[in-house]
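Enquirer: Here is my input, please return the structure:
(chains A and B)
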Amino acid sequence: MHSAEIIAELQPIFADILDLPDLQLFAATTAADVEGWDSLAHINLVVAIEKRYKVKFALGELQELKNVGDMANLIIKKLAA
Amino acid sequence: MSFPTLQDQRVEDLLQKRKRLRRQLSENQGLRELRIAVLGGVTTNEVVDLLELLLLDAGFRPIFYQSEYNRYFEDAVMEPEKLTAFRPEIVYIHTHWMNIHMARLGITSTETEVRVAVAAELTRYQTIWNSIHQSVGCNIIQNNFETPPVGLLGNADCVSESGRTRLVWELNLAFSQAAAQDKKLAIQDLHSLSASLGHAQWHDWTRWFSYKIPTTPEASLAIAKSTMAIIGALFGKSKKCLVLDLDNTLWGGVIGDVGTDRIEIGKETPVAEAYTAFQQYCLELRRRGILLAVCSKNQEDIAREGFAHPDTILKLEHFSAFKANWEPKHQNLQAIATELNLGLDSFVFVDDNPAERALVRAQLPMVLTPEVGSDVALYPTILDATRCFESVRLSKEDLERADAYAANSARASSAAKFADYGAYLDSLQMNAEIDTFQPVYLDRIAQLINKTNQFNLTTRRYTYAEVEEISQRPGYIPLYGKLADTFGDNGLISVLIGRRDDASLHLDLWLMSCRVLKRDMELAMLDAMVERAATAGIETLFGYYYPTAKNKMVKDHYRQLGFALESSQNGGSVWSLKVAEYTPRNRHIAISRTSATVNLCTAPKSSQNCSRSLPIS
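Expert: Next up, the predicted model:
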């Protein structure tokens, strides 16, 4: 699976959680770029991603992420593991 | 509670669609505002977000105050000003076993040290509860504690003086004992809740270290549902009546096909035992005040024969209503609601047939129809998980309710024999006790205020704390009424609150349990109120009717009592009655009272500071 496909799958999830129907996600998108992506929304995003892909992020794995592209790559890595 | 749209959803779906659900549910009409302060020893946002959805779905419009992370003690005790200014109706203290001050327990602890540690921690919490009692005075929900996920001593952790498991157990017991003595303190049993979900599905260390959320999302939802159940019970939203199908629900087999001898009930086979166990569960619900009713597609005489089976636990006398016919089930449910004078939203319907469940869900969404499946062995667990019969504490009336409804059926049949209704009323030899609020009845009064919907003129809800305040405050004439008759004691069934303003008395609340409708009890209550008002020098009574979806039966209440219409608007109306022109109305009920003195302010418009008290009788 490619990073772009993951990002396309993440987009409706992010749009729901952040309540932004028109949200466009790109690999370079960061929390600072998106209205309402605060620490509490971030917790919801992590729950949704873990459930969607049936993965569990280890402590610290999420701290390394700089943008949505990093997140997608981490998901790919977890799925391959 | 009933969450027709939310109850079956997974936590991740609720969290993902939360903002949209919140917006949609907020558009519902007639939501009741509810101010809830959440004081957390952990990050409470996830539980609060989920609780908000559940409350919106149950007809509340919650407004939350959340303490900063782990500032629950400070917010309650050191700086209660912010909490007081928020004016909460409920304070929920959500703490975690890691908030317990265990430091003093070392590996060499002694029995004495355990006792000291438990006492010290209990005292810390009592300081919190007492501070809230004093500064806010509202109901408190306090959770008890999960068993720690790591038992350092293994099995001995629950035995040893230095075991944390043992400390949590002892502290939980101390909380229960404290709550049994404190009517404004409800314990949320996280100990049992975490066990029923399972520790592996409950604790989440990653989330604890990352966000200071100690639980999985699934556990957060379980906590939110349990909190919702307590709030629902505090505000009278618990279910009151369990309606049951018969064939393959209360016994195995179709009685019309196989005959009474061949239905599966008793101890002979595993399947028969499972039906027996479910009947036993239903009977236990009835003993604690839940009404039972039958709604079955059957020929009535054959259906009734099932309860003559030698092994049946349930007997005909346990059912407050019995509908066995070929009409659609939703129509029978409506007929049962009418017969019992209960709202359909207080009903739970159990049927093994998915088509019947789907019909009732579609036609009567306000009835809670759990997806019970077709395996009766699971029915008690599935019903229990809905928390729909939650009770904050059992009252004497709860324990006697089902019998009271049974006596009502006997009354109804004897009414048929009297041509003259007055003669029937006289034959009941009714005896009412009507008096100002007495401390011993405050629990029951608060309960009645929060669950009575039909005979309720204003549908004002009061918490236990507010009822207690009204009972003591000058300027109020708060009356309760109890009614007994030849068939039994109906208990405390009516509340009438008058609030004085100069020479006027405003009837802020007037309600009555529907099980004493058409007994002239409202006349006796009015007599008692006017008598006290006259003694206190009041000239005019003002009555108010505020329409709701459920109280149409009292639309003309004041007109029928001879009040004059003052004004009306949007279906609501204001009525007045001159005390000097009143003559007592009650003819059929003998009246008694307990020791009757009430603080009544005689000075105009200064009821808060009035210290004068008048004996009324």
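Enquirer: And B:E218, how far from chain A?
Expert: B:E218 sits 10 Å away from chain A, going by C-beta to the nearest C-beta, to the nearest Å. Every residue, glycine included, has its C-beta placed from N, CA and C.
Enquirer: C-alpha coordinates for the helix or strand hosting B:L505, CSV please?
Expert: Using DSSP states H and E, the element containing B:L505 is strand B:504-512. In CSV, the C-alpha atoms belonging to strand B:504-512 read as follows (Å, rounded to 0.1, in the frame of the first residue of the first chain):
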residue,chain,number,x,y,z
SER,B,504,-50.2,35.5,47.2
LEU,B,505,-49.3,31.8,47.1
HIS,B,506,-47.8,30.4,43.8
LEU,B,507,-48.4,26.7,43.3
ASP,B,508,-45.0,26.0,41.8
LEU,B,509,-45.5,22.3,41.6
TRP,B,510,-48.5,20.0,41.8
LEU,B,511,-48.2,16.4,40.9
MET,B,512,-49.7,13.0,41.7
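Enquirer: Packing partners of that strand?
Expert: Under the contact criterion of 3 or more C-beta pairs under 8 Å, 6 or more residues apart in numbering or on different chains; DSSP states H and E, strand B:504-512 touches helix B:442-451, strand B:488-501, helix B:521-535, strand B:540-545.
Enquirer: Find the nearest non-adjacent residue to the residue in the stretch 501-617 of chain B positioned nearest to chain A, please.
Expert: At 30.8 Å from chain A, B:A549 is the closest residue in the stretch 501-617 of chain B, using C-beta to the nearest C-beta. Of all residues not flanking B:A549 in the chain, B:G30 sits nearest, at 7.2 Å (C-beta to C-beta, 6 or more residues apart in numbering or on different chains).
Enquirer: show me what contacts that neighbour?
Expert: The neighbours of B:G30, taking C-beta atoms under 8 Å, 6 or more residues apart in numbering or on different chains as the test, are B:G59, B:T548, B:A549.
Enquirer: again, but for B:L511
Expert: Here B:L511 is in contact with B:L448, B:I449, B:T452, B:F455, B:N456, B:L457, B:S494, B:V495, B:L496 (C-beta under 8 Å, 6+ apart).
Enquirer: My guess is the last one contacts B:L507. True?
Expert: Yes. With contact defined as C-beta atoms under 8 Å, B:L496 counts as touching B:L507 (6.7 Å).
Enquirer: Now the common contact residues for those two.
Expert: B:M529.
Enquirer: re earlier: compare the helices and strands packed on strand B:504-512 and give me the one nearest B:A272.
Expert: strand B:488-501 (34.9 Å; C-beta to C-beta).
Enquirer: Put the alpha carbons of that closest one into CSV.
Expert: The C-alpha trace of strand B:488-501 is given here as CSV (Å, rounded to 0.1, in the frame of the first residue of the first chain):
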residue,chain,number,x,y,z
GLY,B,488,-53.6,-1.5,50.6
ASP,B,489,-51.2,1.5,51.2
ASN,B,490,-50.5,3.5,48.0
GLY,B,491,-47.7,5.3,49.9
LEU,B,492,-46.6,8.8,49.2
ILE,B,493,-48.3,9.7,45.9
SER,B,494,-48.8,13.5,45.7
VAL,B,495,-46.7,16.6,46.1
LEU,B,496,-48.0,20.2,46.1
ILE,B,497,-45.5,23.1,46.7
GLY,B,498,-46.8,26.6,47.4
ARG,B,499,-44.4,29.5,47.4
ARG,B,500,-45.4,32.7,49.2
ASP,B,501,-45.1,36.2,47.8
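Enquirer: chain center to it: distance?
Expert: For strand B:488-501, the gap between its own C-alpha mean and the chain's C-alpha mean amounts to 18 Å (C-alpha atoms, centre = their mean, to the nearest Å).
Enquirer: So which bits of the strand holding B:L505 are buried?
Expert: Using 16 or more other C-beta atoms under 10 Å in any protein chain shown as the test for burial, strand B:504-512 gives B:S504, B:L505, B:H506, B:L507, B:D508, B:L509, B:W510, B:L511, B:M512.
Enquirer: can you check stretch A:26-44 too?
Expert: For stretch A:26-44, by 16+ other C-beta under 10 Å, it's A:T29, A:A31, A:V34, A:W37, A:A41, A:I43, A:N44.
Enquirer: try stretch B:129-145
Expert: Buried residues in stretch B:129-145, counted by 16+ other C-beta under 10 Å: B:129, B:131-133, B:136, B:138-145.
Enquirer: Narrow these to those in strands?
Expert: Of the buried residues of stretch B:129-145, the ones assigned to strands by DSSP state E are B:N139, B:I140, B:I141, B:Q142, B:N143.
Enquirer: so where's the stretch 501-617 of chain B shaky on pLDDT?
Expert: Of all residues in the stretch 501-617 of chain B, those with pLDDT under 70 make up the ranges B:595-617.
Enquirer: ok so, going back, kindly indicate whether the residue of the stretch 501-617 of chain B closest to chain A is helix, strand or coil.
Expert: coil (DSSP: H, G, I helix; E, B strand; the rest coil).
Enquirer: one step back: tell me the one of the buried residues of stretch B:129-145 nearest chain A?
Expert: In terms of C-beta to the nearest C-beta, no member of those lies closer to chain A than B:N143, at 20.7 Å.
Enquirer: which residues sit in contact with the closest one?
Expert: Contact partners of B:N143, counting by C-beta under 8 Å, 6+ apart, are B:I93, B:H94, B:T95, B:I187, B:Q188, B:D189, B:L190, B:I223.
Enquirer: Not counting its neighbours along the chain, what's nearest it?
Expert: B:Q188 (4.1 Å).
Enquirer: unless I'm mixing things up, the one you found is touching B:K225, no?
Expert: No. B:Q188 is beyond contact range of B:K225, at 10.9 Å (criterion: C-beta under 8 Å).
Enquirer: sorry, back to before: what's the closest of the ones in strands among the buried residues of stretch B:129-145 to B:I230?
Expert: Scanning these for proximity to B:I230, where the rule is C-beta to C-beta, the winner is B:I141, at 5.5 Å.
Enquirer: which SS class is the residue nearest to the closest one when sequence neighbours are not counted?
Expert: The shortest distance from B:I141 to any non-neighbouring residue, by C-beta to C-beta, 6+ apart, is to B:Y92 (4.5 Å). Secondary structure assignment for B:Y92 (three-state DSSP): strand.
Enquirer: Now for B:Y92, how many residues are close by?
Expert: Neighbours of B:Y92 under the rule other C-beta atoms under 10 Å in any protein chain shown: 26.
Enquirer: And A:I76, by the same measure?
Expert: Neighbour number of A:I76 under other C-beta under 10 Å is 16.
Enquirer: Quick check: it is in a helix.
Expert: Yes. Looking at A:I76 with three-state DSSP, it is inside a helix.
Enquirer: dump the residue contacts of it.
Expert: Applying C-beta under 8 Å, 6+ apart, the residues near A:I76 are A:M1, A:S3, A:I6.
Enquirer: Just the buried residues of these.
Expert: A:S3, A:I6.
Enquirer: Lowest pLDDT pick from the contacts of A:I76?
Expert: Looking at these by pLDDT, the weakest one is A:M1, with 77.
Enquirer: right, and it touches A:L79 too?
Expert: Yes. Assessed by C-beta under 8 Å, A:M1 is found in contact with A:L79 at 6.9 Å.
Enquirer: now B:L55, what's its secondary structure?
Expert: The three-state assignment at B:L55 reads helix, by three-state DSSP.
Enquirer: tally of neighbours for it?
Expert: For B:L55, the count of nearby residues is 24 (other C-beta under 10 Å).
Enquirer: Same check on B:E371?
Expert: Per other C-beta under 10 Å, the neighbour tally for B:E371 reads 11.
Enquirer: Name the nearest of the contacts of A:I76 relative to chain B.
Expert: Minimum distance to chain B across the contacts of A:I76 is 16.7 Å, recorded for A:I6 (C-beta to the nearest C-beta).
Enquirer: so that closest one sits in a strand?
Expert: No. Read with three-state DSSP, A:I6 is helix and lies in no strand.
Enquirer: Next, work out how far apart the closest residue to it other than its chain neighbours and chain B are.
Expert: Residue nearest to A:I6 in three dimensions, not counting chain neighbours: A:A72, with 3.9 Å by C-beta to C-beta, 6+ apart. Distance, A:A72 to chain B, using C-beta to the nearest C-beta: 18 Å.
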